[in-house]
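**Q** structure here, sequence nowhere to be found:
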């Protein structure tokens, strides 16, 4: 079991890893070793996720979520397979933790204070006065 939060733990059998050839630099190994990792996690069918977390995770995932509800994360940042596996897993856990976090409190609308309104209008007046001096000089001969 992979512990995500105190209340959520994923079964390792829910994760599917596929190893593919990575693009980019890799020296002599670039065409021989499948070091990139494609991690797949079925969000909709996972028994480990509570319903509200599942819904938020689907919203957060964006383009990484397929039509079938499978979250696909690929990692090829590193040149070796174990580090790419860990990177993909860490990113999945970070997404689930973000979805499990409580939403921020609602913003309570406030009105600007009288002093801030006065300061704003005074600065606008000063700015307008400076700009009015930039015109062409009048020809009062």
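**A** Now that the structure is in, tell me what you want to look at. What you see is a predicted model; the values in this text were computed from it and never measured. Numbering: from 1, shown residues only.
**Q** so where do the strands sit in the chain?
**A** If DSSP state E is used as the criterion, the strands of the chain fall at 2-3, 9-10, 15-20, 36-42, 70-75.
**Q** what residues sit buried inside the longest one?
**A** In other words, strand 36-42. With burial defined by 16 or more other CB atoms under 10 Å, the residues of strand 36-42 counted as buried are 36-41. C-beta here means a position set from N, CA and C on the backbone, and glycine is covered the same way.
**Q** got the residues you listed as a markdown table, with pLDDT columns?
**A** Conversion of the buried residues of strand 36-42 to a markdown table gives the following (pLDDT from 0 to 100):
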| residue | pLDDT |
| --- | --- |
| 36 | 79 |
| 37 | 81 |
| 38 | 82 |
| 39 | 83 |
| 40 | 84 |
| 41 | 84 |
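**Q** tell me the one of these nearest residue 60?
**A** Relative to residue 60, the closest of these is residue 41; by CB to CB it sits at 13.0 Å.
**Q** for that closest one, which residues make a bridge with it?
**A** The residues paired with residue 41 through beta bridges, assigned by DSSP bridges, are residue 15, residue 71.
**Q** that one against residue 92, yeah?
**A** Yes - distance between residue 41 and residue 92: 6.0 Å, which falls inside the contact criterion (CB atoms under 8 Å).
**Q** and for these two, which residues touch both?
**A** Contact criterion CB atoms under 8 Å, 6 or more residues apart in numbering; residues shared by residue 41 and residue 92: 15, 71, 73.
**Q** turn those into a markdown table, including distance to residue 123 and pLDDT.
**A** Output for the shared contacts of residue 41 and residue 92, formatted as a markdown table (distance: CB to CB, whole Å; pLDDT from 0 to 100):
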| residue | distance to residue 123 | pLDDT |
| --- | --- | --- |
| 15 | 57 | 75 |
| 71 | 50 | 81 |
| 73 | 49 | 83 |
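**Q** and these as a markdown table, adding neighbour count and distance to residue 63?
**A** Listed next are the shared contacts of residue 41 and residue 92 as a markdown table, based on neighbours: other CB atoms under 10 Å; distance: CB to CB, whole Å:
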| residue | neighbour count | distance to residue 63 |
| --- | --- | --- |
| 15 | 17 | 20 |
| 71 | 21 | 11 |
| 73 | 18 | 11 |
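**Q** thanks a lot, catch you later.
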